Each structure stands twice: as structure tokens, then as C-alpha cells.
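Student: build me a model:
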Amino acid sequence: MTGRYLPPAAATGLAAPDRFAQSATLVNGLGPVFAGPLFDPRDPRLAGVFMHGSRQTRLNITALPLVMRREVGWWLATCARTGERQAHASEWNRWAATADHVIARHPHVLSFADLPLAEWMTAWGRIYHADRGRMPAPEHRRRAEYALRAMLERLLRRYSSEVDWWRHDIWSLRLDGRIPRREHEPRANTAVRWGDITPVWLREGTKFYLRLQMESGQLTWSTVMQHRVNSARFAAFVTERGIDNPALVNGSERSLRALALDFGTFLHNWRRERSGRSEVGGSLQPRTINKNLQTIDLFYRVMTDCRAEAAEALDDARWLALTDSHARMFRTADRPRQREVREADERNYINDTDLSSMLTHIELLGLPAEQTRTVVRDGCQVELAGLGHPAVMRAWLIQAMTGRRASEVLMMDFEPLSDIPGLDVAAVPEGGMVARLRYQQTKIDAAPNTILVGRDVVEIIREQQAWVREHWHLGPADTIRYLFPKTTGNRHGTKSWETSNYNHVLKDFSHHLDLRDSRGELLLYSRSHRLRHTKATTLINAGAPIHVVQRYLGHLSPEMTMRYAATLASTAEREFLALAKVGRDGRQIGMDRRDMLDLVQLDRRTDRILPNGYCLLPPTRSCDKGNACHGCDHFATDRTFLPDIQRQLAETQSLVATRQARHTERYGEPMSEANVWLEQRNAEIRSMQLEIVALDAQPTDSTTVVRGAGVLGRTGYQDASDSNRGSRS
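Tutor: Predicted coordinates for the structure are as follows:
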């Protein structure tokens, strides 16, 4: 645990006065409460530092040497400053006793930093066995290791502050403020450990390379973990092949290319080990192999270009052996071919029935554990207790209503809402947009980071703000950074919920509820990214233009947005082909359904086929005119429909004659020309007569489409159409 750049004092000849001087800098400026050697968890100045259950136990470090007392006091002050929570006071009392025994056997040990964590744990286990006559339970040992590890990692980093941040084998934003970071990092609490990657030249070279990429802004902290995974696979490859230098081979460019191809084969044969199991999992996906090859390709490109700087910084002249061949040993043709899949994956879409069911039961997630609610499972009523996570419930609801990514919601500012300039909120109808919501756009640089939201989202955010104020006891002058603060080790509210913990809670809730879809499969709330696909599909289905949906989703290109549109296209096609197509006159249309679908979607102009023509109304507009198409300028027809229009004209004229005769019999006078029904029928007759004239003027074998030929037949155009009407009577 001491790390490569901070070995024990005994191994380096570090003199005791130097350790005394180092520890003295730790306590400069600390309050008297941290001077020790007694720490009372009931002291208000130590509020929240120790875990719950420590109030009856005082921490006594009187037996420790001055250096260790300073280190413990500094660590408690650090926990008070950062909001982290220390272990139970009883755990640290046992560590104080362990340190006392170790010092008695090893007088050179003056500091907790003088021994690695493994040796401290060995001594702790030995003393525990001597006191209890048995070995400690795994959980007890885990708690003890956690208590010392947390302090030791930060202490080692403090003692080695003169060492460049990237040289350490543990990278952690929490431990080292020098690591490049963005204002909001989704994986800020994730540590990257390099110690198990061998050979050393590859480990140190990878760290040097990532330092260059991060400090130049080419890579962000969120991508470092994946680079570490890819480098570990390459490390396994070079170890298996017995490669012991950065140049990889001593031969020609041909042998270097052969090695690159060999690495591709190695990745294709890679078998993933399942977590916590000994059996072997599935092989890597082509996309994963492609990313791995790209990572190592870019690594050698950069290291070749910076080989002189790498040799100097790493004190390893072997990097100078890199040539231009290393910068091009991986080629595009070496990577697995990836077909751009535009077809939808229906598993990414939640249908209305399933989403409604999930929304109905989500309240159980926020319900206190002492309360129950009745749910129906397999046709039987079951009483289920709440899970007591109201913040997670609200975050999921915001995802469902806005289509945001989980990290974008969890890292929202405590006050993410702002007014829409010039909008009178009181005049906005139900369901309208009333505020602008700002979220953390951490995935795509320069992408939009605001959307418009309705009153329902605003109310959820206000509820969450009230909950945070209640649980964090914020005063008038206090501020909190995030709307969804982490609930443990975060007394100051400076850390947000992480997606890993968020998904874990949602997964537990899914199994607790055991809600099933129409296929009998478990509805997983933890697959919350499906809410984004569903929201996008709903917007496109409602006729929202692609560029509007693109901005709403925070995409930089419409190509990415169209991936979401694929679900709509797939669903629409399946439903379209499953139904019999019936015309407006009630007759079933005999056209092949797939041909009909292609015709309807052609040019994205038509959204319906009529028994006597085509409607050219744009898909984003709807029609409330019933069957009054003949006088519409969006109605188009050709000579193939001439018999249908002639038949409809004759039937309409016959209908008018019949109704007029019945009216005369009943009322003793003819139907007035001002009668609304007669006026509309006469308009249809005039329009059909105009259409017939226009179609008769076309050659017999013509396929020309005539649009809006009956517009002049509408009411108000009678004079213009009198001559045509007379010629047909």
C-alpha cells in the first residue's frame, strides 16, 4: 500500500527527524479538537466524522507515538472538512492497539505510512486472534481494512506531494486535486488502479500517455477507466508472448504488422471472466474489439511522436526505439467490420402499457420501509413494503418525463430551473412548457444542455429541493451543489449520486416489485436509458421535426437522432402491415400492404391513401374535414380513379335528389339552397365535376397526377365553375 513512490522509511534510510517534520506539516492550522489524544464522538465539533453507533466509545490514541497521533488527528480533520465519514471509534481503538504492538516489534516504524496495508492487516489479524482466540469474521476484517485504507491512501499522497500526479499507481480525484477534471465528473468517486498491470514499461508508458491526453483535453476522466481495461488486455497479450520492451519486436516492419494482426486474433479469442465466478463468460463483441485496437493504435501513435519525451520522463531509453512503423502498425482493415445498424431494437422501447404500469408502481420506491402498498402480481394481491428512496424515485420520474440520461439528472444543479423570457406562465395551458431545465451535459462537448419542461417536472424538482433542505439542514447562508446529493459520506452535499449506486437501487426495486411485461419478462427500472429511447420515439411519432428532437436530446448530429427514429419506423411498419387497409367508403383496399407502405412514405409527403386518389397533407399535420377531400388542394388523383369519381358523383347526385324529394313531402316545399347539408353536397358535386373535366382532358394512357382540380367547386367559387357545371349537366 505504500506505493512505488513512497516506500517505507526503513527501506530508504529516511531519518526519524524527517518523518517528524513531515507529520508536523499535517497539523499546521488544525483546531485544538484534533490535537488529541482523546476524541469524543459526542463533541459537536466532531459531528458526523464517526459512523453511527460510536457515540458511546471514545477514541484513545495516547499509546501511539507523536507522528501517528498527528496522522490520526489530521485524518479526522480531513473527514470533517470533506464530509467523509470515518469508521467506528472502536475500530480505530483496535488499530491504535495494533500500532502499539507493531512499534514494540519494529522500532523503526514511526508512521502508518511506514508499512504497506497488507502488513498492517496481518498484524491486526494476529492481535485479534490473540485477544479473542479465533480468527475474525470476513465482515469484521473488511471494516477494519476500510478504516485504515481510507486514511493510508490519502496520507501516502500527502507525503509524496512532490511526485507528479500521474506517476502514482492509484489515480483518484478524491486523493489528488492535480488530476485534470471537468467541473462535473460523472465518475468522480471512481479510483483507477494500475499496480496489477505488467510489464512495468507498459504500465508506466500508459500512464504517461494518458497524462498527455488528459492535460491536452483529448481525453476526460470518464474515459480513463476504459483505457485502463483496454491496456490490461494488451498487457496480457505482451506477457503471454514474452515481449519485454516497448518496441515489441526487433525485426522488420513486416514482423511488427504480423504482431498487430496477432493481437487482433488474441482479442477475438478473449474470454471474459464473469464477476465473482470461476467459469468463463462470452467473447468480446466486435465493437469492443474495435475500441481496443483503436486504443492501442492511438497509444503507439502518440508515444512514437513523443518518444524522446517519454524516454526522459520514464527514464527508459527503450522508448527511443519506436519508429514510424509503430505509428501505423494497426490499419483500418485490421478491425472487425461493423455494419451500421439502423434497424430498431424493440427492447430499447417501452410501450405505453408497460410504461404506464411502471409509473403506477414507482411510488413504492419512495415509500418509507414501515409502510406497505397492495400490488397485483400474477393475478394475486400482494402487500409490499416501501424501499425508502424518494430521491431515486424522483430522479427516475424526471428521466421518464424528459428523456435525460441518468448522469444528466443525478448531476443537475440544486437549482436547475430558470424562467422562459417573455412567457406568461399563468397563461400556459395544461401540459404546456413553463420553465427551462438545465442539466449537466458531460457526454458530448458543446452539445445543448437545456430543455423546456412542464409543470409536472417543476413540481417534482421542488419536492426534491424541499427534501434535500430537510435532510441536510441547510441554513439561510448555506448552499448545496447538487439536486440529488449522495446520501452517505456527504455531509456538505458536494457529491452527487453516482449512476452505479442509482442503478443498483433500481435493480433491487425491480426484483422487489417483480413487475412483468406482456411477454412475461421482468420490467427493469434500472434500464433507465430505455426511457430516453421511448421519449425520443414519442416526440418523433407526434410529428416533431428531427432538428427539434436533435436539440432536445442534446445531439450534435441528426444521424444520432435517427437511431431513435428507427424504433418508430419499425413499430409503425409492423402495425401498418398487421392491419387491413380500408378506404373512406368502407371498402378494403386490394393493394399489397408493403407496396402501400412504400407509397404512403414516399417523399415523406403522404399519410393516407383514398379510394379515389391520394392525400398530400404533410405527416406533421392532421385533417378534421371528414371526407370533404374533393374541394381540398391537398387532394390529388389520376385517370385510374376516374371510374370511382364518376360513380361517387352519380351516387351523391342520387342521394341529393332523394333527400330533396323527402323534404318536399314532409314540409310541402323544396329544400332551400341555403341548407347546410345541401350546400356541402352541392360543393362536393361541383368539385367532382371539375375533377372529371380535368381527368377527361388527360390522354387515356396518362399517369399524370392532377392536384386540387376541385378547389373551385368549394362554396364561394360557384361563378367561376358555372360554365364547367353547365357542360356536365
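
Student: give me phi/psi at Leu522?
Tutor: Main-chain torsions, Leu522, degrees, to the nearest 10: phi -70, psi 130.

Student: run a quick neighbour tally on it.
Tutor: Leu522 has 13 neighbours, counted by other CB atoms under 10 Å. Quick note: C-beta positions are derived from backbone N, CA and C, even for glycine.

Student: what's near enough to touch it?
Tutor: If you count contacts by CB atoms under 8 Å, 6 or more residues apart in numbering, Leu522 has them with 510-511, 514-516.

Student: what bridges to it?
Tutor: Leu522 has these beta-bridge partners by DSSP bridges: Arg516.

Student: for PyMOL, write the select line for the buried members of the contacts of Leu522.
Tutor: Of the contacts of Leu522, the buried ones go into a single PyMOL selection, burial set by 16 or more other CB atoms under 10 Å:
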select buried, resi 510+515
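
Student: just flag the most distant two among the contacts of Leu522.
Tutor: The span of the contacts of Leu522, defined through CB to CB, is set by His511 and Arg516 at 11.8 Å.

Student: just to revisit the earlier point, okay if I get the contacts of Leu522 as JSON lines plus distance to Val238 and pLDDT?
Tutor: Compiled in JSON lines, the contacts of Leu522 are given as follows (distance: CB to CB, whole Å; pLDDT from 0 to 100):
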{"residue": "Ser510", "distance to Val238": "42", "pLDDT": "92"}
{"residue": "His511", "distance to Val238": "42", "pLDDT": "92"}
{"residue": "Asp514", "distance to Val238": "47", "pLDDT": "89"}
{"residue": "Leu515", "distance to Val238": "48", "pLDDT": "88"}
{"residue": "Arg516", "distance to Val238": "48", "pLDDT": "86"}
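
Student: and the contacts of Leu522, which is closest to Pro186?
Tutor: Distances from Pro186 to those, taken by CB to CB, are shortest for Ser510, at 22.3 Å.

Student: pretty sure that closest one contacts Asp517?
Tutor: No - the criterion here is CB atoms under 8 Å, and Ser510 misses it with Asp517 at 11.7 Å.

Student: any shared contact partners between those two?
Tutor: Leu523.

Student: C-alpha coordinates for stretch 196-215, CSV please?
Tutor: Extracted in CSV, the C-alpha atoms of stretch 196-215 (Å, rounded to 0.1, in the frame of the first residue of the first chain):
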residue,chain,number,x,y,z
ASP,A,196,-1.6,-5.1,-11.3
ILE,A,197,-0.7,-4.2,-14.9
THR,A,198,2.6,-5.8,-16.1
PRO,A,199,5.1,-5.4,-17.7
VAL,A,200,6.2,-2.2,-15.9
TRP,A,201,7.2,-0.5,-19.2
LEU,A,202,3.7,-0.7,-20.5
ARG,A,203,2.1,0.4,-17.2
GLU,A,204,4.3,3.5,-16.9
GLY,A,205,4.0,4.2,-20.6
THR,A,206,0.2,4.1,-20.5
LYS,A,207,0.2,6.4,-17.5
PHE,A,208,2.5,8.9,-19.3
TYR,A,209,0.3,8.7,-22.5
LEU,A,210,-2.9,9.3,-20.5
ARG,A,211,-1.3,12.2,-18.8
LEU,A,212,-0.5,13.8,-22.1
GLN,A,213,-4.1,13.2,-23.4
MET,A,214,-5.8,14.4,-20.3
GLU,A,215,-3.7,17.6,-19.9
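
Student: buried set for that stretch?
Tutor: Neighbour counts over stretch 196-215 (16+ other CB under 10 Å) mark 197, 201-214 as buried.

Student: got it, and stretch 315-329?
Tutor: 316, 318-319, 322, 325-329.
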